[in-house]
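[1] Just need the structure, nothing else, for what follows:
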Amino acid sequence: MRISELSRRSAVPTATIKYYLREGLLPPGRATAATQAEYDESHLRRLRLVRALIGVRGLSVSATREVLGAVAEHAGERHQVLGLVLGARPVDEDAPAPGPAPAPAPGAAEVDALIGALGWEVSEYAPARAALGETLETLRSLGAALDPATLRGYAELAERTAVLDLDQLDPDADPLEQAERALLRTVLLEPALLALRRLAQENESARRGG
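    I've put the predicted structure just below:
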């Protein structure tokens, strides 16, 4: 397809596509003339992923380039690709941490215990580990700590949600298409999940108090 068709099908302006080409986010098309090129479905899939990484996840152009490079290295590993795109895996896990070793994150031991009890396979680099630990510590400091049984109940609900999330992915689809869909579902669906929780809380309160 010509660049105009690529723009129409991806809903990305032609000028933006040319910028992505200059920045190395998209591979060049097949040259058909001195100033013309043709693009195929692989360009369309990659362009949609670029759009999701920048527009939905909020990455910079340079960070997007790094993620795409890491995705290319793990092209045949769906689990790794999804982790890279969603931010659950660092682009370079082998990179040495600058400066002295950081202090243990707040709530890290509690999070480790929960993950171990559930038998989950979660990378030690997953940012959600620190986010969960910090939240648990904040709740504790405000006198609203969660007991282990309650925390596990929430985790089991999250596990069921994760099954629904992954069931939405076509196992036969191109890895880049899967990654884009997973990113959109994860980031854009989170406000809807929060809204559903609020609605369910109101209903449960009415049921108990009515």
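[2] low-confidence ranges in the chain?
    93-104 (pLDDT under 70).
[3] pretty sure Gly24 contacts Ser62?
    No: Gly24 is beyond contact range of Ser62, at 10.0 Å (criterion: Cβ atoms under 8 Å). Yep, even glycine has a C-beta here, placed from its N, CA and C like the rest.
[4] which of those two has more neighbours?
    Neighbours were counted for Gly24 and for Ser62 using other Cβ atoms under 10 Å; Gly24 has more, 13 against 10.
[5] Distance of the more buried one relative to Gly119?
    41 Å (Cβ to Cβ, to the nearest Å).
[6] Tell me which residues of stretch 71-89 come out buried.
    71, 74, 78, 80-89 (16 or more other Cβ atoms under 10 Å).
[7] Among the residues you listed, pick out the one closest to Ala108, please.
    Ala88 (16.7 Å; Cβ to Cβ).
[8] if I look at the residue nearest to that closest one when sequence neighbours are not counted, how far off is Gly210?
    Among residues not flanking Ala88 along the chain, Ala126 sits closest, at 5.0 Å (Cβ to Cβ, 6 or more residues apart in numbering). Distance of Ala126 to Gly210, given as Cβ to Cβ: 41 Å.
[9] quick one, which of the two is more surrounded?
    Just comparing Ala126 and Gly210: by other Cβ under 10 Å the higher neighbour count belongs to Ala126, 18 against 5.
[10] Please verify my assumption that that one contacts Leu84.
    No: look at Ala126 against Leu84 with Cβ under 8 Å: they stay out of range, at 12.0 Å.
[11] hey, which helix is longest across the protein?
    helix 175-209 (DSSP state H).
[12] Give me the buried stretch members for that one, please.
    175-187.
[13] how about the strands of the chain, start to end?
    Using DSSP state E, the strands of the chain run over 30-33, 36-38.
[14] Against which helices or strands is the longest one packed?
    Strand 30-33 is packed against strand 36-38, with contacts defined by 3 or more Cβ pairs under 8 Å, 6 or more residues apart in numbering; DSSP states H and E.
[15] Let's check: the centremost residue of the chain is which one?
    Leu86 (1.7 Å; Cα atoms, centre = their mean).
[16] Excluding covalently adjacent residues, which one is nearest to it?
    Counting by Cβ to Cβ, 6+ apart, the residue nearest Leu86 is Thr186, at 5.7 Å.
[17] cool, and Arg181?
    Leu169 (6.1 Å).
[18] Also Pro13?
    Per Cβ to Cβ, 6+ apart, closest to Pro13 is Ser7, 6.2 Å.
[19] What number of residues are in the vicinity of the one you found?
    Neighbours of Ser7 using other Cβ under 10 Å come to 19.
[20] so how far is Val71 from the closest residue to Pro127 other than its chain neighbours?
    In this structure, Pro127 finds its nearest non-sequential neighbour in Gly87, 6.1 Å apart by Cβ to Cβ, 6+ apart. Distance of Gly87 to Val71, given as Cβ to Cβ: 12 Å.
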